[in-house]
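>>> turn this into a structure:
(chains A and B)
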Protein chains: 2
Amino acid sequence: MNSYSSKLLEEAVNELSRLPGIGRKTALRMALHLLKQEVAEVERLGNSLINMRKNIKFCKECFNISDGEVCEICSNPKRDFSTICIVEDIRDVMAIENTAQYKGVYHILGGIISPMDGIGPNDLNISPLVEKAKSKKVKEIIMALPTTIEGDTTNFYIYKQIKHIEIKLSVIARGISIGDDLEYADEITLGRSIINRIPFDNEESM
Amino acid sequence: MNSYSSKLLEEAVNELSRLPGIGRKTALRMALHLLKQEVAEVERLGNSLINMRKNIKFCKECFNISDGEVCEICSNPKRDFSTICIVEDIRDVMAIENTAQYKGVYHILGGIISPMDGIGPNDLNISPLVEKAKSKKVKEIIMALPTTIEGDTTNFYIYKQIKHIEIKLSVIARGISIGDDLEYADEITLGRSIINRIPFDNEESM
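Here you go, the predicted structure:
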């Protein structure tokens, strides 16, 4: 039994608990917190969510989330449009942008191939990527998908789609994290980092 | 740097991360989740929060959250209005209601005395409680506040306010939880549970 003394509260808790990772107890805590806030503040929260959902667009170039037709990255003339980095979603773009090491553009797949979740190649932005690869403006495609079976499957699927096009295809380096002890690394990561070793003077110092 | 590619997304993340226990990463995950939902669904979430904040009332009897002037518990003629259980907030009411062991009514303080957080007796619903205690309709007041310094301080403050009134004042039993091993109980709880032992045949079996 979960007897809320108020239908309004119950409704709010129901809606909040639909958010990912939010159970009913956390949702209740949030709702009670909101009840203590000013009306204007709760309106700002509610309206910002509705506003975002209604007005947000996806960049027609890279499928990044955007306020306009083309996102800030794709409309920046300083970026290198001959290099495309393929990522799963917008969070990966933010992570790579935060490194300040990448000057190319992105292509957001909107997910990875995952038969378990019913996500096939047609649910992802793969054909626009193949079009871009064919356009001859692109010289290199960098795969930056997760190192999981799903990520590898997606990498392989994309590889098969563009292998007949003359283009450089690379994948981001996997290996021991900076600052990590070798003894704690998993065997596959350590094994790969030995196989894929690079010349000593080639490594960029951090 | 946290470069969101969209101002709308950034605003939504800012607002979500003001919720208790929600950091910016979780807020971003929530916002991206909402972007995948139907517009109608996001509107339902946003509006349910605004609606709740605008229209919710506090029961004029017990200060419970309510849709009307008087909450469902206080307007239920089957409840025992001669017994009042004092609790910190509405979550405690729900916890006690879930036990189905209590037929009296409640009085929600709206917090406990906590000088560290700047909460004094005047910030809580204590004077209406004293009025109720004086009204002679109430026979027993049960203290069900947290077993913390703040809870004890609040208990003692309320005790001082009503000790001159002829009324039974009790506090919920503290002791070893059902199913717990003695060896893992903390000393204070175990000590108190020995001091406050009850006759064997008195204990209600679960």
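>>> could you use CA atoms for every contact and neighbour count after this?
Noted.
>>> average model confidence for stretch A:147-156?
The average of the pLDDT scores along stretch A:147-156 is 90.
>>> which phi and psi values does the most centrally placed residue in chain A adopt?
Chain A has A:Asp89 as the residue nearest its centroid, 2.2 Å off, counting by Cα atoms, centre = their mean. Main-chain dihedrals, A:Asp89, degrees, to the nearest 10: phi -150, psi -180.
>>> measure it to A:Gly120 for me?
The gap separating A:Asp89 from A:Gly120 is 16 Å, by Cα to Cα, to the nearest Å.
>>> the domain parsing of chain A - what is it?
Following automatic domain parsing, chain A resolves into domains at A:7-55, A:68-172.
>>> any idea where the helices of chain A begin and end?
All helices of chain A, identified by DSSP state H, fall at A:7-16, A:24-35, A:39-55, A:90-99, A:127-134, A:149-162, A:187-195.
>>> residue of chain A closest to chain B, please.
At 3.9 Å from chain B, A:Gly46 is the closest residue in chain A, using Cα to the nearest Cα.
>>> what's the offset of the helix or strand bottoming out on mean pLDDT in chain A from the middle of its chain?
The weakest-scoring helix or strand in chain A, judged by mean pLDDT, DSSP states H and E, is helix A:187-195 (a mean of 81). What separates the centre of helix A:187-195 from the centre of its chain is 25 Å, taken as Cα atoms, centre = their mean, to the nearest Å.
>>> quick one: buried residues of it?
With burial defined by 16 or more other Cα atoms under 10 Å in any protein chain shown, the residues of helix A:187-195 counted as buried are A:Leu190.
>>> who's in contact with that helix?
In this structure, residues lying in contact with helix A:187-195 by Cα atoms under 8 Å, 6 or more residues apart in numbering or on different chains are A:Arg174, A:Gly175, A:Ile176, A:Leu182.
>>> so where's chain A shaky on pLDDT?
A:1-3, A:200-206 (pLDDT under 70).
>>> repeat that with 80
Using pLDDT under 80 as the threshold, the predicted model of chain A has low-confidence ranges A:1-5, A:176, A:178-180, A:182, A:193, A:197-206.
>>> that older thread, quick one, which of the contacts of helix A:187-195 are buried?
With neighbours counted by 16+ other Cα under 10 Å, the contacts of helix A:187-195 contain buried members at A:Gly175, A:Ile176.
>>> could you redo the contacts of helix A:187-195 as TSV and give each row distance to chain B?
What follows is those, written out as TSV (distance: Cα to the nearest Cα, whole Å):
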residue	distance to chain B
A:Arg174	24
A:Gly175	25
A:Ile176	24
A:Leu182	29
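>>> could the contacts of helix A:187-195 go into TSV alongside distance to A:Ile149?
Written out in TSV, the entries for those read as follows (distance: Cα to Cα, whole Å):
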residue	distance to A:Ile149
A:Arg174	15
A:Gly175	17
A:Ile176	19
A:Leu182	24
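>>> so, if you compare the contacts of helix A:187-195, which one comes nearest to A:Pro199?
The closest of the contacts of helix A:187-195 to A:Pro199 turns out to be A:Gly175 (Cα to Cα; 14.6 Å).
>>> contact partners for the closest one?
Contacts for A:Gly175 were tallied using Cα under 8 Å, 6+ apart; they are A:Thr189, A:Leu190, A:Arg192, A:Ser193.
>>> contacts only, for A:Ile172.
Contact criterion Cα under 8 Å, 6+ apart gives A:Ile142, A:Met143, A:Ala144 as the residues in contact with A:Ile172.
>>> return the most buried member of the domains of chain A.
When these are scored by mean count of other Cα atoms under 10 Å in any protein chain shown, the highest mean neighbour count falls to domain A:7-55 (a mean of 18).
>>> so how far is that domain from its chain's centroid?
25 Å.
>>> same deal with stretch A:42-61?
If you compare the mean C-alpha spot of stretch A:42-61 with that of the full chain, they lie 18 Å apart, counting by Cα atoms, centre = their mean.
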